[in-house]
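# from the sequence below, what's the structure:
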Amino acid sequence: MKALEGTVALVTGASSGIGAAAAIALAERGAAVALAARRQDRLEELAGQIREQGGTALVLEADVTDEAQATAAVERTVAELGRLDTLINNAGVMLLGPAADAPLSEWQRMVDLNVLGLLYCAHAALPHLISAAQGSPRQVADMVNISSVAGRHARSGNGVYALTKFGVGAFSESLRQELARRYVRVSLVEPGATATELATHNRPEVLEAIRGQFGQRMAAEDIADAITYIVTRPRHVAVNELLIRPTEQER
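Model (predicted):
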């Protein structure tokens with residue numbers, strides 16, 4: 001029997017990068033996977049891949065910065081797949097550059113997605129995760145919140161991004177303590193430089209300025225491997241926090 005057989009996972013930001021890789025990895029371990037993101041065409045393609053390998057995938061076109069859409073994604077997951085054992089709060093955006101003269105809309109966008117979107121999904125999922133942890137098949141449930149190295153170390157030019165990720169870390173630790181004895185494990189994953197679309201959302205002048213900063217990068221599958229490690233631990237083991245950098249990354 002596969003480790004996650006009989007369970008259901010919801011992955012936000014599943015249309016590319018870490019989200020897509022995590023969805024595939026969870027499906028390979030037996031979970032039915034709900035895929036949430038704005039780009040339905042990407043989700044349909046990913047769902048097709050999962051189904052071709054014998055897995056179950058539900059496509060949820062949703063913008064999690066909208067509370068109603070985030071809640072609906074959780075409720076549809078439970079209604080159509082029967083339960084919710086695992087939430088991967090992965091949707092996020094990284095907009096860098098100097099604070100002086102930065103478009104305020106970029107700051108708002110990061111807060112809306114990295115913080116509020118994550119909170120909306122967490123809030124809607126909590127009753128279902130608590131319920132799943134009380135019964136079969138595993139008697140444990142997981143919320144994995146994707147943060148960043150920037151959630152530990154603020155650097156010049158990443159102030160608001162770091163603010164959002166520090167906040168994710170604080171929320172995750174508080175929630176972990178609250179839910180520990182109910183066997184809902186809350187874990188924080190903090191990737192370093194990873195080859196995804198994240199950096200491409202920056203303005204051209206910012207992209208040019210940061211082009212040489214990243215050096216060696218990990219693959220999205222490396223982070224997905226870490227996520228699946230976390231959620232497949234025995235019931236009595238909780239991985240609270242996982243910081244992952246490329247070997248050559250110094251900061």
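# can you pull up the bridge partners for the residue lying closest to residue 118 once chain neighbours are set aside?
Once flanking residues are discounted, residue 118 sits nearest to residue 89: 4.7 Å by CB to CB, 6 or more residues apart in numbering. Just so you know, the C-beta spots here come from the backbone N, C-alpha and C atoms, and that holds for glycine as well. Per DSSP bridges, the residues bridged to residue 89 are residue 145.
# identify the residues contacting residue 89.
12, 118, 121, 122, 143, 144, 145, 146 (CB atoms under 8 Å, 6 or more residues apart in numbering).
# look up how far residue 50 lies from it.
For residue 89, the distance to residue 50 equals 20 Å [CB to CB, to the nearest Å].
# can you check residue 193 too?
Distance from residue 193 to residue 50, by CB to CB: 27 Å.
# next one: residue 65
25 Å.
# what helices and strands are in contact with the helix or strand where residue 105 lies?
With elements taken from DSSP states H and E, the one containing residue 105 is helix 104-110. Using 3 or more CB pairs under 8 Å, 6 or more residues apart in numbering; DSSP states H and E, the elements in contact with helix 104-110 are helix 159-179.
# adjacent strands (with direction) for the helix or strand just after the helix it packs on?
Using DSSP H and E, the helix or strand that follows helix 159-179 in sequence is strand 184-191. Strand pairing for strand 184-191, using DSSP bridges, gives strand 141-146 (parallel), strand 241-244 (parallel).
# reformat those strands as JSON lines; add mean pLDDT.
Output for these, formatted as JSON lines (pLDDT from 0 to 100):
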{"stretch": "strand 141-146", "mean pLDDT": "98"}
{"stretch": "strand 241-244", "mean pLDDT": "98"}
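# wait, a helix at residue 11?
No. According to DSSP: H, G, I helix; E, B strand; the rest coil, residue 11 belongs to no helix; its state is strand.
# that one against residue 26, yeah?
Yes. Assessed by CB atoms under 8 Å, residue 11 is found in contact with residue 26 at 7.2 Å.
# neighbour count for these two, which is higher?
Ranked by neighbour count (other CB atoms under 10 Å), residue 11 and residue 26 place residue 11 first, with 34 against 28.
# low-confidence stretches in this structure?
Confidence mapping of the chain against pLDDT under 70 gives the ranges 211-212.
# for it, what spans make up the strands?
Remark: strands assigned in the chain by DSSP state E are 8-12, 32-37, 57-61, 86-89, 141-146, 184-191, 194-195, 218-219, 241-244.
# now what about stretch 109-116, what contacts it?
So stretch 109-116 is contacted by 64-65, 67, 91-95, 160-161, 164-165, 167-168 (CB under 8 Å, 6+ apart).
# go ahead and build a ChimeraX selection from the buried members of those residues.
The following ChimeraX line selects those of these that are buried, judged by 16 or more other CB atoms under 10 Å:
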select :64,65,91,92,93,94,95,160,161,164,165,167,168
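# for the contacts of stretch 109-116, which one is nearest residue 233?
residue 168 (21.0 Å; CB to CB).
# which non-adjacent residue is nearest the closest one?
According to CB to CB, 6+ apart, the nearest residue to residue 168 is residue 147 (4.7 Å).
# let me see the contact set for the one you found.
165, 168, 169, 172, 188, 189, 190.
# closest to residue 220 among the residues you listed?
For the contacts of residue 147, the nearest to residue 220 is residue 189 (12.1 Å; CB to CB).
# could you measure the closest one against residue 40, distance?
26 Å.
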